[in-house]
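In: need coordinates for the below:
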Amino acid sequence: MAQIQFSVGITEPVVPDVRLTKSRTGEQSTASFYFDKPAILGNDVTEEVTGMYMLDEEGEIVTREVKAKFINGKPAALEVMYIMNSTAEWDRFMRFMERYSAANGLGFQKAE
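Out: Residues are numbered from 1 along each chain as shown. Below is the predicted model of the structure:
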């Protein structure tokens, strides 16, 4: 049931590239999402992007740090940042990502 939405009620079918970083102390972490040609930016979509909503059985995680990338004047991608300021937020995000990854065939590769 884990899904991502950019407008409440409309699930985004495009699976993003996700990169995670964590501070040395572990207190602050960042998840960077890159959606190439997301459906929400399609020509036939009239819904407004109001943020990125990560939904699962535990509830909702929201970020408003959503930026559109344009190529030749046309929307081509969405770049999203989700900043976590505690280990509890990191743990909650990782539980969501485990569910989302299982549902969408994502893998995890740790940096060297």
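In: could I get the full set of helices for this protein?
Out: Applying DSSP state H to the chain gives helices spanning 87-104.
In: which residue of this structure lies farthest from its centroid?
Out: Note on the chain: the largest C-alpha distance from the chain mean falls to residue 72, namely 24.6 Å (CA atoms, centre = their mean).
In: flag the shaky bits of this protein, pLDDT-wise.
Out: Low-confidence regions of the chain, defined here as pLDDT under 70, cover residues 108-112.
In: circling back: can you pull the contacts of the residue farthest from the centre of the chain?
Out: If you count contacts by CB atoms under 8 Å, 6 or more residues apart in numbering, residue 72 has none. Quick note: C-beta positions are derived from backbone N, CA and C, even for glycine.
In: what of residue 21?
Out: Residue 21 makes contact with 29, 30, 32, according to CB under 8 Å, 6+ apart.
In: centroid-nearest residue for this structure?
Out: Taking CA atoms, centre = their mean, the centroid of the chain lies closest to residue 33, which sits 4.9 Å from it.
In: next, the contact list for it, please.
Out: With CB under 8 Å, 6+ apart, residue 33 has these contacts: 16, 17, 18, 52, 78, 79, 80, 81, 82.
In: mind listing which of those are in strands?
Out: When DSSP state E is applied, those are split such that 17, 18, 52, 78, 79, 80, 81, 82 fall in strands.
In: between those residues, which is closest to residue 5?
Out: Taking CB to CB as the measure, residue 5 sits nearest to residue 52 out of the ones in strands among the contacts of residue 33, at 7.5 Å.
In: return the set of residues that bridge with the closest one.
Out: Listed beta-bridge partners, residue 52: residue 63 (assigned using DSSP bridges).
In: ok, how many other residues are close to it?
Out: When neighbours are counted by other CB atoms under 10 Å, residue 52 registers 23.
In: next, residue 24: phi, psi?
Out: For residue 24, the backbone dihedrals (degrees, to the nearest 10) come out as phi -60, psi -30.
In: and it, how many neighbours?
Out: The criterion is other CB under 10 Å. On that basis, residue 24 has 6 neighbouring residues.
In: tell me the spacing between it and residue 89.
Out: Taking CB to CB, to the nearest Å as the criterion, residue 24 is separated from residue 89 by 17 Å.
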